[in-house]
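A.B. asks: based on what follows, work out the 3D shape:
(one chain, ligands or ions: 1)
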Amino acid sequence: MLTGKRVRLRALEPADSEAMWRWYHDPEVGRWMDGAPPISLAQNLEKGQNRPRNTFEQMLLGIETLDDPTLIGYVVLGDTDFRHGEATLETIAIGDRDHRGGGYATDALRVICRYAFEEMGLHRLTLWVVADNAAAVRAYTKVGFVEEGRRREAFRTKGKRHDFLMMGLLSSELK
Ligand SMILES: CC(C)(COP(=O)(O)OP(=O)(O)OC[C@H]1O[C@@H](n2cnc3c(N)ncnc32)[C@H](O)[C@@H]1OP(=O)(O)O)[C@@H](O)C(=O)NCCC(=O)NCCS
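C.D. replies: Next up is the predicted model:
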């Protein structure tokens, strides 16, 4: 388990599937993500039973607070390229709305980034985020990510187009 000041990151258990399924269908969670068609709870429970084990190349970690072992969100690190020392921070979500805005995402980001740099020996992390996803951009910026590129009007939601930012973080820049 990876521990920060406020959160712990751990592998998902089958018992987490119901919460993951609820968040999957929560428009607030999915607003700035690529949508996917609805799936049934039974399908998600089956997925939870057969989840591939985490590897350095691709890991999905649950986020829980230090004082309560209940899942509040998840973070995904993937596409690891050890030759160049780079991976992609694919997403982070605080699915439980009562815990949003409480600093848990920022702490979880610090924990996963520190793990990537110190334990996996990576040199840099990359991520993509919709420019108007203010909470995410703010959380990424707080831990040291900087804008490295912009795909203009590349994300469409509810009939509107938004820019997509590429952000990067070097191991020496983690705050
Ligand atoms: C992005 C997300 C994980 C951030 O979680 P969070 O709980 O708000 O994060 P934190 O509490 O650590 O806050 C991070 C910063 O963002 C700010 N923030 C939070 N909500 C905000 C909003 N709607 N607008 C602007 N800033 C916001 C916080 O105030 C904080 O900055 P501060 O410390 O300077 O005050 C959460 O909003 C979420 O789950 N969103 C849906 C999923 C998603 O879009 N993930 C990103 C995909 S790339």
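A.B. asks: show me which positions of the lengthiest strand in the chain end up buried.
C.D. replies: Determined from DSSP state E, the single longest strand within the chain is strand 68-81. Along strand 68-81, the positions that meet the burial threshold by neighbour count (16 or more other C-beta atoms under 10 Å) are 71-75, 77, 80. All C-beta atoms are positioned from the backbone trio N, CA, C, and that covers glycine.
A.B. asks: can you check stretch 17-31 too?
C.D. replies: Judged by neighbour count (16+ other C-beta under 10 Å), stretch 17-31 contains these buried residues: 17, 19-21, 23-24, 29.
A.B. asks: among those, which are within reach of the ligand?
C.D. replies: With the criterion set as C-beta under 6 Å from any ligand atom, the members of those near the ligand are Val29.
A.B. asks: from the buried residues of stretch 17-31, which is closest to the ligand?
C.D. replies: Val29 (4.7 Å; C-beta to the nearest ligand atom).
A.B. asks: could you check which helix or strand contains the closest one?
C.D. replies: helix 27-30 (DSSP states H and E).
A.B. asks: the ligand contacts on the protein?
C.D. replies: Counting by C-beta under 6 Å from any ligand atom, the chain sits next to the ligand at 29, 32-33, 91-94, 100-106, 129, 133-136, 138-139.
A.B. asks: hmm, which of these are the buried ones?
C.D. replies: 29, 32-33, 91-94, 100, 104-106, 129, 133, 136, 139.
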